[in-house]
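*Asks:* Whatever this is, show me its structure:
(one chain, ligands or ions: 2)
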Amino acid sequence: MIAHNLGFPRIGANRELKFALERYWRGEIGRDELESLGRELRERHWRLQRDAGLDLVPVGDFSLYDQVLDHSALFGVVPERFGWQGGEIDLDLYFRMARGRAPSGEPAAACEMTKWFDTNYHYLVPELKAGQQFRLGSGRLFEQVEEAKVLDIPFKPVLIGPLTWLWIAKEKGEPFDRLALLDGLLEVYGEVLERLAGQGAEWVQLDEPALVQELPAAWKQAFESAYNRLQSAPVKILLTTYFGALEENLSLAARLPTAGLHVDLVRGAGQLPAVLDQLPPYKVLSLGVVDGRNVWRTDLDAAMETLTVAAERIGRERLWVAPSCSLLHVPVDLELERELDGELLGWLAFATQKLHEVDLLKRALEQGPQAVEDELARSRRAAESRRNSKRIHRPGVAERLAAVTEEMLQRRSPYAERRPLQRARLELPLFPTTTIGSFPQTAEIRKARRGYKAGGLSREAYVERMREEIAQVVKKQEEYGLDMLVHGEPERNDMVEYFGEQLEGFAFTRFGWVQSYGSRCVKPPIIYGDVSRPAPMTVEWITWAQSLTDKPVKGMLTGPVTLLNWSFVRDDQPRAETCAQIALALRDEVLDLEAAGIRAIQIDEAALREGLPLRRGRWREYLEWAVRAFRLAASGVRDETQVHTHMCYSEFNDILPAIAEMDADVITIETSRSQMELLDAFEHFEYPNEIGPGVYDIHSPNLPTVEEMVQLMRLAAGRIPAERLWVNPDCGLKTRSWEEVEPALRNLVEAARVLRESHL
Ligand code: GLN
Ligand code: ZN
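*Replies:* Numbers count the residues shown, from 1 in each chain. Ligands and ions are numbered 1, 2, ... in the order given. As a prediction, the model looks like this:
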């Protein structure tokens, strides 16, 4: 039996890579230093994996920015604007593609970034043009294989498979069929495999997660022809699928002429019997039984049972054991967490711990369970304690959830009846102006928050400091002439963390960093138990802001779906149920705000879209429970209380009906970068409530002019009645400076004035 891994986080347990990259970009260290840190990290991680007992260790999973970009470099795919003349793609050309600039070379527009399947990892989208040529553009992969050999690491090169790489690429310029490029692409794959074989690689892992999505017929055929062609490569190919079950693509995947197949038995838990039925006798089967997407300790008994079933069918010699997918998506090492309590610690496993689980499972299968008796007992105790812990299962929460009625998901009256009541109470003009919530987070604000957290600043001094800031923000908004105000969110470090820290059932790590893109990492909270709200979370700040002005101040909350999607979620109950628990907790907050006299409440659902399942066939089910959760949080209020929501993207076309079902009175969305997309969305579906298409692109340092904003609003007014339009930026202002925000908001208010005049 073989124990192996599919990929390891490269950022380093202490985010060493992040800090080195940022120093390099600032010009504080040179190439050699950066490269040598990269080598050090690779060596450390390879040794860690080998010493954990793995028989095969991935090489090629390390990247200085992004592994998809590494493939573009490997295949010599560099957009023309970077002026590449051929030859080895050097570090700065690579960083210019990633970030638009680097210590040397001309700046140019960076490549587009988007999410890697349904993870929170962002890759750089390969840009392909009609007739794109491919040729080896980088020797890094082969150098890394050499490094591994010198260190005597049992290496297995890892590449993204040709079809998945093409699948996630985008054509630029004249539209064309990307599959037309497959032949040329396969030629370089052939070359790469040949060289790897020459370096002594026996196995090569080709990742094809595209196989867990619905594929057009032409793409399925392309899989066949591509792998038929790669069959002649002098290596054994492990066709690797993850992030879901193969379903209708199973027979295709099983049939492809590769020496092995890896399947994800965490996300695709039910697929083992079908896989065993279809696996040709000459293939090895790698089973991903350790969750690579979440932080829980594996239930070793259950995993052993699965592996035993497989071993009995196909024999241990053909069976491999692995994490479900690359461990890129989990934090590096639980050992660093000294502040989590013992019970919680006992339930968790990060990347390093997961390696040991893989090894343990192999030993248990080969030598019998008695060989790893202690570890099995520990795993059993953890599973047992998770099943019974009072910190996880809190009867009050379950009871409340069971008592939720359909009525609780409905506002009292339909929007058309709520609208006049709200307008009268809020005294809003035509084209009301507002912002999305946060205002610039200055160095002093951050310092005060840090000081309070670290204990240097007293609660009283901290509250005083925040109140001053809020008063400033309110005053400025009045000065600019905005119609609906916000408190500015100075007390929030992060829109998920702020709420998670105040809710029961959430835990926070100190070092649980996961790479989001490039040098950026996030530290998602861990939802381990039933969620409830012990005390109001935002009321004191919002009511303070409201006490300073006659204009309405919006209460500001992060929505249930976003809190869920940006956390590690418990795996012992359906996501929908966890989401509903969060929604109930937020519902209490909404009602407290209303009772405190707050007339409008915004519930941000920035991450609603990214929770969409990989298979379109499952979208409906997800959207149904996600929308229900939002409505459960929002619908307790009276008709005259206005509910807002905000979303950070403009690709609405396909989910607009679901967004309408959320029944928020007002939605503010990102549109300023892609005005046409918004219009497309409204072509086929009439959004019934009020909407604020963002007219100030807060991701750009550029100052939007009055004319531009008027122009954008006129475009919107062509599709949506003017009475239902709001004027606002397209996201929160926290990353901008006051020097940028002030003139932009003055222009925005002026734009609304121009619009009102032309409408009178
Ligand atoms: N209310 C939040 C803010 O203004 C929303 C952030 C977001 O949409 N990501 O910062
Ligand atoms: Zn946003």
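
*Asks:* Endpoints of stretch 405-418, how far apart?
*Replies:* Terminal residues of stretch 405-418 lie 22 Å apart, using CA to CA, to the nearest Å.

*Asks:* buried set for it?
*Replies:* Leu409, Arg411, Tyr415, Arg418 (16 or more other CB atoms under 10 Å). In short, each C-beta sits where N, CA and C put it, glycine included.

*Asks:* and if you look at stretch 352-368?
*Replies:* By neighbour count on 16+ other CB under 10 Å, the buried set for stretch 352-368 is 352-365.

*Asks:* Only alpha carbons, please: show that stretch as PDB.
*Replies:* The C-alpha trace of stretch 352-368 is given here as PDB (Å, rounded to 0.1, in the frame of the first residue of the first chain):
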ATOM      1  CA  THR A 352       0.900  18.400   9.500                       C
ATOM      2  CA  GLN A 353      -1.400  16.300  11.600                       C
ATOM      3  CA  LYS A 354      -3.300  15.100   8.500                       C
ATOM      4  CA  LEU A 355       0.000  13.700   7.100                       C
ATOM      5  CA  HIS A 356       0.200  11.500  10.200                       C
ATOM      6  CA  GLU A 357      -3.300  10.400   9.800                       C
ATOM      7  CA  VAL A 358      -2.600   9.200   6.300                       C
ATOM      8  CA  ASP A 359       0.400   7.300   7.500                       C
ATOM      9  CA  LEU A 360      -1.500   5.800  10.400                       C
ATOM     10  CA  LEU A 361      -4.200   4.500   8.200                       C
ATOM     11  CA  LYS A 362      -1.700   2.800   6.000                       C
ATOM     12  CA  ARG A 363      -0.100   1.100   8.900                       C
ATOM     13  CA  ALA A 364      -3.400   0.100  10.400                       C
ATOM     14  CA  LEU A 365      -4.300  -1.600   7.100                       C
ATOM     15  CA  GLU A 366      -1.000  -3.300   6.600                       C
ATOM     16  CA  GLN A 367      -0.200  -4.300  10.100                       C
ATOM     17  CA  GLY A 368      -3.600  -4.500  11.600                       C
END
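
*Asks:* Other residues contacting that stretch?
*Replies:* Contacts with stretch 352-368, where a contact means CB atoms under 8 Å, 6 or more residues apart in numbering, come from 1-5, 48-49, 52-54, 289-292, 297-298, 300, 303-304, 307-308, 311, 316, 319, 321-323, 327, 330, 332-335, 349, 371-372, 375-376.

*Asks:* make it 7 Å
*Replies:* By CB atoms under 7 Å, 6 or more residues apart in numbering, the residues outside stretch 352-368 that reach it are 1, 3, 5, 48-49, 52-54, 289-290, 298, 300, 303-304, 307-308, 311, 316, 321-323, 327, 332-334, 349, 371-372, 375.

*Asks:* Could I have the buried ones of those as ChimeraX selection syntax?
*Replies:* In ChimeraX, this line selects whichever of the contacts of stretch 352-368 come out buried by 16+ other CB under 10 Å:
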select :1,3,5,48,49,52,54,289,290,298,300,303,304,307,311,321,322,323,327,332,333,334,349,372,375
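
*Asks:* In helices, which of the contacts of stretch 352-368 appear?
*Replies:* Taking DSSP state H as the definition of helices, those contribute Leu48, Gln49, Leu300, Ala303, Met304, Leu307, Thr308, Ala311, Glu375.

*Asks:* Same list, the buried residues of stretch 352-368, but as TSV with pLDDT and distance to ligand 2 please.
*Replies:* Shown next, in TSV, are the buried residues of stretch 352-368 (pLDDT from 0 to 100; distance: CB to the ion, whole Å):
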residue	pLDDT	distance to ligand 2
Thr352	98	35
Gln353	98	35
Lys354	98	33
Leu355	98	37
His356	98	40
Glu357	98	38
Val358	98	39
Asp359	98	43
Leu360	98	43
Leu361	98	42
Lys362	98	45
Arg363	97	48
Ala364	97	47
Leu365	97	48
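
*Asks:* can you tell me which of the buried residues of stretch 405-418 lies nearest to ligand 2?
*Replies:* Of all those, ligand 2 sits closest to Tyr415, with 22.8 Å by CB to the ion.

*Asks:* which pair in the buried residues of stretch 352-368 spans the largest distance?
*Replies:* Thr352 and Leu365 (21.6 Å; CB to CB).

*Asks:* Let me see the mean pLDDT of stretch 79-86.
*Replies:* The average pLDDT within stretch 79-86 is 96.

*Asks:* Flag every buried residue along that stretch.
*Replies:* Pro79, Phe82, Trp84.

*Asks:* Check stretch 682-693 too.
*Replies:* By neighbour count with 16+ other CB under 10 Å, stretch 682-693 contains the buried residues Phe682, Tyr687, Asn689, Glu690, Ile691, Gly692, Pro693.

*Asks:* Next: stretch 25-45.
*Replies:* For stretch 25-45, by 16+ other CB under 10 Å, it's Trp25, Ile29, Leu34, Glu35, Leu37, Gly38, Leu41, Arg42, His45.

*Asks:* quick one: low-confidence ranges for the stretch 501-650 of the chain?
*Replies:* Flagging of the stretch 501-650 of the chain using pLDDT under 70 yields the residue ranges 650.

*Asks:* so where do the helices sit in it?
*Replies:* Ranges of helices within the stretch 501-650 of the chain are 539-547, 560-565, 575-595, 619-634, based on DSSP state H, counting those that start in this stretch.

*Asks:* what's the most buried one of these?
*Replies:* Across those, averaging neighbours per residue (mean count of other CB atoms under 10 Å) puts helix 560-565 on top, at a mean of 28.

*Asks:* the bottom helix or strand of the protein by mean pLDDT?
*Replies:* helix 675-684 (a mean of 72; mean pLDDT, DSSP states H and E).

*Asks:* Point me to the residue sitting closest to the centre of this structure.
*Replies:* The centre of the chain sits closest to Asn120, judged by CA atoms, centre = their mean, with a distance of 2.0 Å.

*Asks:* how about the nearest residue to that residue, chain neighbours excluded?
*Replies:* Of all residues not flanking Asn120 in the chain, Ser516 sits nearest, at 6.0 Å (CB to CB, 6 or more residues apart in numbering).

*Asks:* Over to Leu712?
*Replies:* Leaving out its chain neighbours, the residue that sits closest to Leu712 by CB to CB, 6+ apart is Val695, at 4.6 Å.

*Asks:* Tyr452 too?
*Replies:* Per CB to CB, 6+ apart, closest to Tyr452 is Tyr462, 3.9 Å.

*Asks:* Check the gap between that neighbour and ligand 1 for me.
*Replies:* From Tyr462 across to ligand 1, the span is 20 Å (CB to the nearest ligand atom, to the nearest Å).

*Asks:* right, and the helix or strand after whatever helix or strand that residue lives in?
*Replies:* Using DSSP states H and E, Tyr462 falls within helix 459-480. Per DSSP H and E, the first helix or strand lying C-terminal to helix 459-480 is helix 497-500.

*Asks:* near ligand 1, anything from that next one?
*Replies:* No. Shown here: helix 497-500 not in contact with ligand 1 (CB under 6 Å from any ligand atom), separated by at least 10.2 Å.

*Asks:* Let me know the pLDDT of the residue lying closest to Trp738 once chain neighbours are set aside.
*Replies:* Nearest non-adjacent residue to Trp738, counting by CB to CB, 6+ apart: Pro440, 5.2 Å away. pLDDT, Pro440: 97.
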